[in-house]
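> sequence plus the predicted model coming up.
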Amino acid sequence: MRFDTPATTNPIDRLRIIGQPVDRIDGPLKVRGAAPYAYEQHEAVPNQAYGWVVGAGIAKGRITRMDLDAAHAAPGVIAILTTENAGPLDKGKRNAAPLLGGPEITHYHQAIALVIAESFEQARDAAQRVQVAYAVEEGAFDLAEAKAEGVGPSKDSPDSKIGDFAKAFAEAPVQLDATYTTPDQTHAMMEPHASLAAWDGESLEVWTSNQMVAWAHQDLAKTLRLKKEQVRIRSPYVGGGFGAKLFLRADILLAALGARLAGRPVKVALQRPLIANNTTHRAATIQRIRLGAGRDGRLTAIAHESWSGNVEGGEEENAIQQTRLLYAGANRLTGTRLAHLDLAEGNAMRAPGEAPGLLALEVAMDEMAEKLGIDPVEFRILNDTQEDPEKPDRPFSQRQLIECLRQGAAGFGWDQRSAQPGTRREGRWLVGLGMAVGFRNNLVDKSGARVRLDGEGIVTVETDMTDIGTGSYTIIAQTAAEMMGVALDRVVVRLGDSSFPASAGSGGQWGANTSTAGVYAACVKLREQVAQALGLNASDADFADGMVRSGERSIPLADAARDGALTAEDTIEFGDLQKRFQQSTFAGHFVEVAVDAATAEVRVRRMLAVCAAGRILNPKSARSQVIGAMTMGLGAALMEELAVDTRQGFFVNHDLAGYEVPVHADVPRQEVIFLDEVDPTSSPMKAKGVGELGLCGVGAAVANAIHNATGIRVRDYPITLDKLLDRLPG
Amino acid sequence: MPIPDTETSSRTPAPDPVPGDVSLARLSLRVNGAVRELELDTRTTLLDALREALRLTGTKKGCDHGQCGACTVLVEGRRIYSCLTLAVMHEGESITTIEGLGTAEALHPMQAAFVKHDGYQCGYCTPGQICSAVAVLEEIEAGIPSHVSESLDAVRISDAEIRERMSGNICRCGAYANILDAINEVGGQPA
Ligand code: FES
Ligand code: FES
């Protein structure tokens, strides 16, 4: 199905099941521990051996000698994989650094060997006996230092210049010129990357934990120089990803190579302490923002420049993209520059671009509002735009930002905020309120599904879509149930298998809208087949309550499959509506913090997000996406930072003890409001995404609240207490 | 200090001599009410004994280092990180895992509350959260104080008590607010 004109009324609009806050259909499995994740596929194949990954102990250089004798001699060892015996390998289209390193090493903890043994304990023990000698080369590890050498713009993020920024900024009566930094961050999903691989002759089967089955399928085949038909990938349950599991990573490749070498199935989980340096991370940024405004508070000049670093073949962190679209202003300048760094590959983490970009932009907006003496909410409303500021003939499909802000301000009690920072005191606590705008674009990509109706009236959906905690199982079941007019428990959903039609996968908050749109397309076809089988007119047939009605006739749906199951497959493909309309999602984030006047400990007390993100397919799971994202935003503001050892070139705090993420005690009650919205330009589902929107802007709202509480402006994230301590008000 | 560009030896310390044989131990555990006889490498953690030897994969491994809580189980009624203890240290002891709390037909009230309140997303921390939550309510009931208890003798359920006691179980999906609602429902505190 091609989607190139805005959606009109369709069966989804009935909202009998779609739009309802139903419990997750995979919930009962998950709460019993009965949903098998990648490392838990004991039943899949017999005789599984265990792999332990050895990571490089240097950031850059060469392996000069690898002594494997002691490891080979250790009990239980079956084989040891290195580049010496891995066979010829290509590199996946989406990988920058090779997943198996050696002799050349391009980043710290790059995998250099897989020790395969009969048991986990034996593999771990033998791996400690691998002796490696290196010739170390100097590398670049410090973004602040490498920044000057940054190159750009890249073809994916060209510089943009509208009007005459320099002149308008120079003439603006009120100006801000500030530089912000955001640190490297790691996804820290709870399930480590893990894979089980088994060969049958020349055919390979992999059970893994991956967000994008089609990408992993393609890149694994390419890396191993196999045909895609020789490879099957399954990823039925994913214990979190946040971008870390978008790509083929070392666990999959090493399991596959290891299984070939050992001649039996091998399973591999990346050991937790390897993950931060072995896989991808969100790259640090240095961002300079300049804003110029008239005394009336209208922005006349907006510039946002961002620097980040990456390995050879890696891309920039596109922290400026929201700034091109968020506020009106006639004179604009944005650009990114990319420096070479020899750290691990920087790549997507939840809301790449906007998440770090808004940490800077929305603090800059707060600073500007303060300079202008205008309330921060009013300042944003004053500079709202209903069209793409770079292309005024291109409207937003929906833009209810003002409504988000007004509802948020009213609901949160924004009028209790003192415009004078550092003036609200409750005992030992300095109390402040902050807000920020959340913004994330709506992305779409083609997505396929297969639906089958059997003689019992059961509808089975198959697609390679994944559920990474997002609720895909449930909203896909809701879509099929709504379309076919059956109860939710009459739908079976099977996900995450490369033998199913390729979906858009889970990333960029496009998963919910596009994967359900693919299911919608397949269901439209199945409805036609059903109508035909029942001798009804498809165009006026009504599917409801397990019956199909047309005119006077009403026939059980299952009757259509009496003589054999009916199967339909289709893919939703998107035309140019994304070009004609700017499709984005919006939020107003509001936060109250209390800062200990003596120790500078920050406690977040309340959080509210008001979101406008198209149709909400399941308000229960969508709310969970948003509160989870708000929690991650709190982490970004207050604690998350991969500390770089700029001498040895690695992230020092590379485990869950050193890399701090929010825990129960850090998180207050969180409130989420979804505005009533449908976006017919987005898909037949009229939905957009919320999973990343919920993160965008949250950290800035926390930072602004801290400023309101203390009068201290911290422009370097995370805002740890050492950055506040010596500047606390008396 | 500049990095030498000449050959450096690995930072791995010299290994112990290669042992001739694996040291095995027989042990018996009472897991979810059933006695299980095992012969295990003595280095096997309780977590791996459950997940690999007994194939009870409901208990999760998030870090293997006592940093996340995904591996929480109840041993003799007390919650522990099963990755931080060796199986052989629990000879004869009674272990309850997520599989022992409820069944598909009859979920444990805490499991049902997690479903109702959407106290999870990816589900990977969930078995650990649920085992921990069940134990937390018992600890409060038994009057065991925590860091946030206002007095040592009058320990009562509250949001602060739950948040404090549950802080050893990380949920990167950030379902904390919903988990709190689920625990409050079972603990009898209005959400
Ligand atoms: S796996 Fe035991 S605490 Fe993380
Ligand atoms: S549900 Fe994913 S980590 Fe808690």
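Good, I have the coordinates. Ligands and ions are numbered 1, 2, ... in the order given.
> so which residues of chain B form strands?
Using DSSP state E, the strands found in chain B span residues B:7-9, B:24-31, B:34-41, B:72-75, B:78-81, B:94-96.
> the lengthiest helix in chain A packs against which elements?
Assignment by DSSP state H gives helix A:511-533 as the longest helix of chain A. With contacts taken as 3 or more C-beta pairs under 8 Å, 6 or more residues apart in numbering or on different chains; DSSP states H and E, helix A:511-533 sits against strand A:447-453, strand A:459-462, helix A:472-484, strand A:547-550, strand A:566-574. All C-beta atoms are positioned from the backbone trio N, CA, C, and that covers glycine.
> neighbours around B:Gly114, how many?
No Gly there; residue B:114 is Phe. 31 (other C-beta atoms under 10 Å in any protein chain shown).
> show me what contacts it?
By C-beta atoms under 8 Å, 6 or more residues apart in numbering or on different chains, the contact list for B:Phe114 reads A:Gly27, A:Val31, B:Tyr120, B:Thr126, B:Gln129, B:Ile130, B:Ile179, B:Ala182.
> show me which of those residues are buried.
Buried members of the contacts of B:Phe114, scored by 16 or more other C-beta atoms under 10 Å in any protein chain shown, are A:Gly27, A:Val31, B:Tyr120, B:Thr126, B:Gln129, B:Ile130, B:Ile179, B:Ala182.
> so the fourth one touches B:Tyr120, yeah?
Right, B:Thr126. Yes. B:Thr126 is within contact range of B:Tyr120, at 4.4 Å (criterion: C-beta atoms under 8 Å).
> anything in contact with each of these two?
Joint contacts of B:Thr126 and B:Tyr120 (C-beta under 8 Å, 6+ apart) are A:Lys30, A:Val31, B:Phe114.
> need the residues you listed in CSV with pLDDT, can you?
Output for those, formatted as CSV (pLDDT from 0 to 100):
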residue, pLDDT
A:Lys30, 98
A:Val31, 98
B:Phe114, 98
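> and which of the residues you listed is nearest ligand 1?
Taking C-beta to the nearest ligand atom as the measure, ligand 1 lies nearest A:Lys30 of the shared contacts of B:Thr126 and B:Tyr120, at 17.3 Å.
> wait, the closest one touches B:Gly123, no?
Yes. A:Lys30 is within contact range of B:Gly123, at 3.3 Å (criterion: C-beta under 8 Å).
> and A:Thr336, what element?
When elements are assigned from DSSP states H and E, A:Thr336 belongs to strand A:331-340.
> for A:Val136, phi and psi?
phi -90, psi 140 (degrees, to the nearest 10).
> and it, how many neighbours?
21.
> so in terms of bridging, what pairs with it?
A:Gly61 (DSSP bridges).
> wait, it sits on A:Ala56?
No. Counting by C-beta under 8 Å, no contact exists between A:Val136 and A:Ala56, whose distance comes to 10.6 Å.
> what's the burial count for residue 132?
All of this refers to chain A. When neighbours are counted by other C-beta under 10 Å, A:Val132 comes out with 23.
> wrong one, I was asking about chain B
Neighbour number of B:Ser132 under other C-beta under 10 Å is 26.
> mind pulling up the pLDDT for it?
B:Ser132 is assigned 98 on the pLDDT scale.
> tell me how far it lies from chain A.
10 Å (C-beta to the nearest C-beta, to the nearest Å).
> residues contacting that residue?
Contacts of B:Ser132 by C-beta under 8 Å, 6+ apart are B:Gly69, B:Thr72, B:Arg79, B:Arg165, B:Met166, B:Gly168, B:Asn169.
> between the residues you listed, which is closest to ligand 2?
The closest of these, once distances to ligand 2 are taken by C-beta to the nearest ligand atom, is B:Asn169, at 8.4 Å.
> and chain B, what are its domains?
As given by automatic domain parsing, the domain ranges for chain B are B:24-100, B:109-187.
> out of the ones you listed, which is closest to A:Ala560?
domain B:109-187 (33.0 Å; C-beta to C-beta).
> tell me the contacts of A:Pro6?
A:Leu577, A:Pro680, A:Thr681.
> can I take it that it is in a helix?
No. Using DSSP: H, G, I helix; E, B strand; the rest coil, the assignment for A:Pro6 is coil, not a helix.
> mind checking how far it is from ligand 1?
48 Å (C-beta to the nearest ligand atom, to the nearest Å).
> tell me the phi and psi of that residue?
The phi/psi pair for A:Pro6 (degrees, to the nearest 10) is phi -50, psi 140.
> what comes up buried for the lengthiest helix in chain B?
Under DSSP H, the helix in chain B containing the largest number of residues is helix B:126-141. Using 16+ other C-beta under 10 Å as the test for burial, helix B:126-141 gives B:126-137, B:139-140.
> got a pLDDT number for the residue in chain B that chain A sits nearest to?
The nearest approach of chain B to chain A comes at B:Gly58, 2.0 Å away (C-beta to the nearest C-beta). We have a pLDDT of 98 for B:Gly58.
> okay, the nearest residue to it once chain neighbours are set aside and A:Ile302: tell me how far apart.
Of all residues beyond its chain neighbours, the one nearest B:Gly58 is A:Gly33 (2.0 Å), with distances taken as C-beta to C-beta, 6 or more residues apart in numbering or on different chains. With distances taken as C-beta to C-beta, to the nearest Å, A:Gly33 is found 51 Å from A:Ile302.
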